[in-house]
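Trainee: Okay, predicted coordinates and the sequence, questions at the end:
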Number of protein chains: 2
Amino acid sequence: MGATKTDHFTERQNQIAKIAKALGHPARIAIIEYLLKVNTCICGDIVNELPLAQPTVSQHLKELKNAGIIKGNIEGTAICYCIDEKVVGILNDYFSKIILTVTNQKCC
Amino acid sequence: MGATKTDHFTERQNQIAKIAKALGHPARIAIIEYLLKVNTCICGDIVNELPLAQPTVSQHLKELKNAGIIKGNIEGTAICYCIDEKVVGILNDYFSKIILTVTNQKCC
DNA sequence: TTATTTAATCGTAATATTGCAATATTTAAA
DNA sequence: TTTAAATATTGCAATATTACGATTAAATAA
């Protein structure tokens, strides 16, 4: 026990859950917001923007990258991270559809 | 360590993260999808629809409720759960804005 | 070559999550 | 009242996440 029963759900359900999960931490939301604020992908100063140690930030970046939410290229000693429009779009489309369906729902 | 440093982030960041986190499990996505499918809120049969034991499903429902994603009323021995439009809307608006900003981003 | 800088990885402690059996609770039916 | 049903809660084991110090790796600067 303790491990998620991934193979009992559809690929789609796992995909959405994975993206949502990666965004389910305030530090990672803060990273996303910082990336949007600077409006570019040279982000070597992310560590200074967050109340967390460098290895922790690195780990959060890794998770965002693993979920496909950000993409990064090595650029000398610095790194170039930016938001991957595509993956955020998947989530956005998903929730837009939910909103549409819910609005037509006859409920409590 | 191991606990999220919630108080180091803004209320907004924690709010978004909390909603996203609650959706970060395939079982909870499956619950949402089932609620949408039946298009009503009488959902006593959710347990039969999921590959999980009754206490586990109950726990997932509790988490969705705690995050404000679903709302529920007791209805005899059954329970009446349905999606809370408002909270899903918060997430949807948030990602819509991200998408807009990202599209204008000059990046890699 | 030898610092220096920057980010990733390793190792580990603390805490949280997942899942379920057993049990409790609550309401309706017999 | 007793029984049956549906859902919640408790307790616990297995696993995952969070956070960070120490270290490593890689690239540039001196």
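Mentor: It's in. Numbering: from 1, shown residues only, chains lettered A, B, ... in the order given.

Trainee: near DNA strand C, which residues of chain A show up?
Mentor: A:1-5, A:43-45, A:47, A:54-55, A:58-59, A:61-62, A:72, A:77-79 (C-beta under 7 Å from any atom of the strand). To be clear about C-beta, it is placed using only N, CA and C from the backbone, and glycine gets the same treatment.

Trainee: Those residues in helices, which ones?
Mentor: By the criterion of DSSP state H, membership of these in helices covers A:47, A:54-55, A:58-59, A:61-62.

Trainee: related to what we said a few turns ago, and the residues of chain A next to DNA strand C near DNA strand D, which?
Mentor: Among the residues of chain A next to DNA strand C, proximity to DNA strand D is found for A:1-4, A:54-55, A:59, A:77 (C-beta under 7 Å from any atom of the strand).

Trainee: and which of these is nearest to DNA strand D?
Mentor: residue A:2 (1.9 Å; C-beta to the nearest atom of the strand).

Trainee: what's the lengthiest helix in chain A packed up against?
Mentor: Criterion DSSP H: the longest helix present in chain A is helix A:85-103. Applying 3 or more C-beta pairs under 8 Å, 6 or more residues apart in numbering or on different chains; DSSP states H and E, one finds that helix A:85-103 contacts helix A:11-22, helix B:26-38, helix B:85-103.

Trainee: need the ones you listed in TSV with distance to DNA strand D and mean neighbour count, can you?
Mentor: Below are these laid out as TSV (distance: least, C-beta to the nearest atom of the strand, whole Å; neighbours: other C-beta atoms under 10 Å in any protein chain shown):
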stretch	distance to DNA strand D	mean neighbour count
helix A:11-22	7	20
helix B:26-38	11	21
helix B:85-103	17	17
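
Trainee: Reformat those helices as a markdown table; add mean pLDDT.
Mentor: Formatted as a markdown table, the helices and strands packed on helix A:85-103 follow (pLDDT from 0 to 100):
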| stretch | mean pLDDT |
| --- | --- |
| helix A:11-22 | 97 |
| helix B:26-38 | 93 |
| helix B:85-103 | 89 |
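
Trainee: Ok, which of those comes nearest residue A:84?
Mentor: Ranking these by proximity to residue A:84 (C-beta to C-beta) places helix B:85-103 first, at 8.5 Å.

Trainee: so what's residue A:65 up against?
Mentor: A:71-72, A:81 (C-beta atoms under 8 Å, 6 or more residues apart in numbering or on different chains).

Trainee: most surrounded residue in these?
Mentor: residue A:81 (24 neighbours; other C-beta atoms under 10 Å in any protein chain shown).

Trainee: That residue - that's part of a strand, no?
Mentor: Yes. Counting by DSSP: H, G, I helix; E, B strand; the rest coil, residue A:81 is part of a strand.

Trainee: distance of it from residue A:92?
Mentor: 20 Å (C-beta to C-beta, to the nearest Å).

Trainee: Please consider this matter closed, and thank you.
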